[in-house]
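> give me a 3D structure for the following:
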Amino acid sequence: MPKTVSMAVHLPASPARLYRMYLDPKQHAAFSGAPVTIAARVGAPFKAFSGGRSAARSCTSSRIV
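Have a look, this model is predicted:
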């Protein structure tokens, strides 16, 4: 039977700042430790971890929960 793992962290930054960091390729690479392709526009490609993760942005909401 699968086990559920939950984790919560406190990041000392505002949600808006975290969102900007996520969408900036240089800052994203700095905290993830790997190069990334990302942009803020809908349909923009997202590629990370040598192509191990890829998608296209489907929205531009900055809402972080």
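> Thr37 and Pro45 touch, don't they?
Yes - if you go by CB atoms under 8 Å, Thr37 and Pro45 touch, sitting 5.7 Å apart. C-beta here means a position set from N, CA and C on the backbone, and glycine is covered the same way.
> how far is stretch 35-51 from where the chain is centred?
9 Å (CA atoms, centre = their mean, to the nearest Å).
> check which residues of that stretch are buried.
36, 38, 48 (16 or more other CB atoms under 10 Å).
> skipping its backbone neighbours, what lies nearest the second one in space?
The one in question is Ile38. Among residues not flanking Ile38 along the chain, Phe46 sits closest, at 5.1 Å (CB to CB, 6 or more residues apart in numbering).
> sec struct for that neighbour, please.
strand (DSSP: H, G, I helix; E, B strand; the rest coil).
> now do the residue lying closest to Ala40 once chain neighbours are set aside against Arg17, distance only.
Nearest non-adjacent residue to Ala40, counting by CB to CB, 6+ apart: Leu23, 4.9 Å away. Per CB to CB, to the nearest Å, Leu23 is found 11 Å from Arg17.
> for Pro45, same thing?
24 Å.
> what do you get for Val36?
From Val36 to Arg17 the distance is 17 Å (CB to CB).
> check Pro35 too.
For Pro35 relative to Arg17 (CB to CB), the value is 21 Å.
> what residues are up against the residue nearest in space to the middle of the chain?
Residue closest to the average C-alpha location in the chain (CA atoms, centre = their mean): Tyr22, at 4.5 Å. Residues counted as contacts of Tyr22 (CB atoms under 8 Å, 6 or more residues apart in numbering) are 28, 38.
> thanks again, I'm all set now.
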